[in-house]
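Chemist: Sequence plus the predicted model coming up.
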Amino acid sequence: MIAIKNERELASMRKACKITAAARALAGDMVRPGVSTRQIDKAVREFILSQGAKPSFLNYNGFPASTCISVNSTVIHGIPGGYVLKDGDIVSVDVGAYFEGFHGDCAATFACGTVSAEAQRLIDVTKQSFFEGIRFAKHGHRVSDISHAIQTYVESNGFSVVRSFVGHGVGARLHEEPEVPNYGAPGRGPRLLPGMTIAVEPMVNAGGHEVRVLKDGWTVLTEDGALSAHYENTVLITDGEPEILTVTEGL
């Protein structure tokens with residue numbers, strides 16, 4: 001069942017999402033050569049706790065960290081650790097915060113130092129595909145209208161969308177109905193209604209869309225070793241234009 005949030009619930013969600021967005025911005029500012037993924041995770045965890053919130057991901061189904069940090073060919077769910085970022089890496093940071101009974105969820109891919117032109121184009125196309133998708137995140141459209149717009153834009157730029165993992169509803173639970181794929185024909189899936197909150201999150205590969213999961217049960221890599229990028233925001237469906245709840249300037 002898809003949860004429709006009332007104004008009281010949305011007020012709490014906006015607070016959770018504001019903290020989440022600030023945590024993503026903090027992580028992005030830390031992406032530079034010589035910084036370990038563990039250092040970024042620690043800083044994000046401490047920031048979220050300082051705001052009176054809890055990291056949504058920590059211990060979620062056993063996940064051992066507060067952020068997912070995925071470098072280069074890692075698509076999603078990278079576990080922070082001793083890896084030290086290098087010039088030319090692209091670094092996806094996914095973060096969530098739980099506050100007053102609700103979750104925020106967002107992600108972005110950041111360039112570490114100077115990256116190749118193609119890597120930067122991948123980051124840019126992935127981010128723009130989100131905005132192409134949410135043009136259809138409006139009352140009366142269907143979920144797959146978002147999906148189709150993302151896929152069309154990504155593939156027109158020569159990249160591929162991951163199909164094994166999708167976006168989702170978000171609210172009192174981190175993952176709620178409906179699923180929000182990044183591919184598919186338009187006009188399918190649940191109809192979008194005011195008060196729905198969804199995490200729209202294109203995951204885009206420079207090569208093929210196929211992925212594999214490592215033995216840790218979390219880390220997802222591109223099957224062909226190509227670069228991957230990720231961009232996500234929590235979005236509220238309204239009577240008019242969608243409201244991006246995890247918005248921060250420049251992200």
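Modeler: Noted; the coordinates are in hand. Quantities reported herein were computed from a predicted structural model and do not represent experimental measurements.
Chemist: Output the below-cut-off pLDDT ranges for the stretch 151-251 of the chain.
Modeler: Within the stretch 151-251 of the chain, the set of residues satisfying pLDDT under 70 comprises 250.
Chemist: any chance you could map the helices in the stretch 101-250 of the chain?
Modeler: With helices called from DSSP state H, counting those that start in this stretch, the stretch 101-250 of the chain shows them at 117-133, 143-156.
Chemist: who are the neighbours in contact with Tyr98?
Modeler: By C-beta atoms under 8 Å, 6 or more residues apart in numbering, Tyr98 lies in contact with Ala16, Ala53, Lys54, Pro55, Ser56, Leu174. In this view, the C-beta of every residue, glycine as well, is placed from N, C-alpha and C.
Chemist: Surely the first one and Val95 touch.
Modeler: Read that as Ala16. No: contact between Ala16 and Val95 fails when scored by C-beta atoms under 8 Å: they sit 11.5 Å apart.
Chemist: Quick one: end-to-end distance for stretch 237-251.
Modeler: End-to-end distance for stretch 237-251: 20 Å, by C-alpha to C-alpha, to the nearest Å.
Chemist: List the buried residues of that stretch.
Modeler: Using 16 or more other C-beta atoms under 10 Å as the test for burial, stretch 237-251 gives Ile237, Thr238, Pro242, Glu243, Ile244, Leu245, Thr246, Thr248, Leu251.
Chemist: Of Ala16 and Val95, which one has the most company?
Modeler: Val95 (33 against 29; other C-beta atoms under 10 Å).
Chemist: Centre of the chain to the host helix or strand of that one, how far?
Modeler: Using DSSP states H and E, Val95 sits within strand 90-99. In terms of C-alpha atoms, centre = their mean, to the nearest Å, the centre of strand 90-99 is found 7 Å from the chain centre.
Chemist: CA-only coordinates of that strand, as PDB, when you get a sec.
Modeler: Provided in PDB are the C-alpha atoms of strand 90-99 (Å, rounded to 0.1, in the frame of the first residue of the first chain):
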ATOM      1  CA  ILE A  90      34.300   9.300  -9.300                       C
ATOM      2  CA  VAL A  91      32.700   8.900  -5.900                       C
ATOM      3  CA  SER A  92      29.000   8.200  -5.300                       C
ATOM      4  CA  VAL A  93      27.700   9.000  -1.800                       C
ATOM      5  CA  ASP A  94      24.300   7.800  -0.700                       C
ATOM      6  CA  VAL A  95      23.000   8.900   2.600                       C
ATOM      7  CA  GLY A  96      19.800   8.800   4.700                       C
ATOM      8  CA  ALA A  97      18.700  10.400   8.000                       C
ATOM      9  CA  TYR A  98      15.800   9.400  10.300                       C
ATOM     10  CA  PHE A  99      14.100  12.300  12.200                       C
END
